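In: structure for this input, please:
(chains A and B)
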2 protein chains.
Amino acid sequence: MDLKQIAKDTAKTLTSYLTYQAVRTVSNQLSETNPPLAFWLHRFSTTDKIQDGEVYIRELFKEKPDLALRIMIVREHLAQEVCDFLPEMVRTGIQQANMEHRRQHLERITQLDLSNPSRPETEQQAGSEPNSDRPSS
Amino acid sequence: MDLKQIAKDTAKTLTSYLTYQAVRTVSNQLSETNPPLAFWLHRFSTTDKIQDGEVYIRELFKEKPDLALRIMIVREHLAQEVCDFLPEMVRTGIQQANMEHRRQHLERITQLDLSNPSRPETEQQAGSEPNSDRPSS
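Out: You can find the predicted model right below:
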């Protein structure tokens, strides 16, 4: 496991994602102030092109430098505002999601056991006495 | 700009990306220890399915719970090891990339100016005197 390379690749993916969020932000602003330009940006920003944030900005610079500069400023701002919260959010999120997946898995296993013919009546039929230790009162 | 929502969406994307990196890691390990299972995992992990890490793990749990548990452990480990470095890497990366885009843009503008017919000889022909203020010596 090459942790250094994984960290580098993850940072690149994160940068491209923040670029995408900057494009969305600018696009929303433009749809109020300059709808035709918002439409142009929407058509320019195909999913394919925006996969790599740097390629996207390089291409946009050739077409509309002002827009490219604006998106660059927004993504830098987003990075400043958002990045510090991510480590804790992601770590906690993964821990909780993992716990939830394990819980669901246990539930499924238990349901399988319940429908297992060797223990057919456990908690399936009300009124039966699956547990012989249970007091009769 | 809804920074809180952007932070949440970014954390989700990051979680899915770390899940993808965990799948790659486990897949690489399996290709040495259990090639048929590695092949199975590779076929199971289509790009479509892995876009949402939680959906992917839920589906995998139904097919091969042991693999799902292993990938969950690896992604939790990756989150612990990698996340703390990301804010600085992404901020610095975006600042440097932005600077580089601006530099390239300035270079392009300068080249355009040089080929502008109103100043045709500036720095294009050695020995010419485009600047009349330049001393003759």
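
In: and A:Val82, what does it touch?
Out: A:18, B:3, B:6-7, B:10 (Cβ atoms under 8 Å, 6 or more residues apart in numbering or on different chains). Every C-beta, even on glycine, is put in place using the N, C-alpha and C of the backbone.

In: ok, the residue nearest the centre of chain A - contacts?
Out: Residue closest to the average C-alpha location in chain A (Cα atoms, centre = their mean): A:Val90, at 9.5 Å. For A:Val90, the contacting residues are B:11, B:14-15, B:18, B:79, B:83, by Cβ under 8 Å, 6+ apart.

In: and what of A:Arg70?
Out: A:Val26.

In: and if you look at the one 10 residues further on?
Out: When the contact criterion is Cβ under 8 Å, 6+ apart, the partners of A:Gln80 are B:Arg91.

In: remind me which helix or strand it belongs to.
Out: Assigned by DSSP states H and E, A:Gln80 belongs to helix A:65-82.

In: got the buried residues for the next helix-or-strand element following that helix?
Out: Reading on from helix A:65-82 to the C-terminus, the next helix or strand found by DSSP H and E is helix A:86-114. Residues of helix A:86-114 classed as buried: A:86-87, A:89-91, A:93-94, A:97-98, A:101, A:105 (neighbour count, 16 or more other Cβ atoms under 10 Å in any protein chain shown).

In: in stretch A:74-82, which residues are buried?
Out: A:74-79, A:82.

In: the helix or strand of chain A with the lowest mean pLDDT: how far from the chain's middle?
Out: Across the helices and strands of chain A, mean confidence by mean pLDDT, DSSP states H and E is lowest for helix A:47-50: a mean of 80. Remark: helix A:47-50 is offset 18 Å from the chain centroid, using Cα atoms, centre = their mean, to the nearest Å.

In: the helix or strand that it is followed by and chain B in contact?
Out: Once the chain leaves helix A:47-50, the next helix or strand it forms, by DSSP H and E, is helix A:53-63. Yes - legend: contact between helix A:53-63 and chain B by Cβ under 8 Å from any Cβ of the partner chain is shown at A:53-54, A:57-58, A:61.
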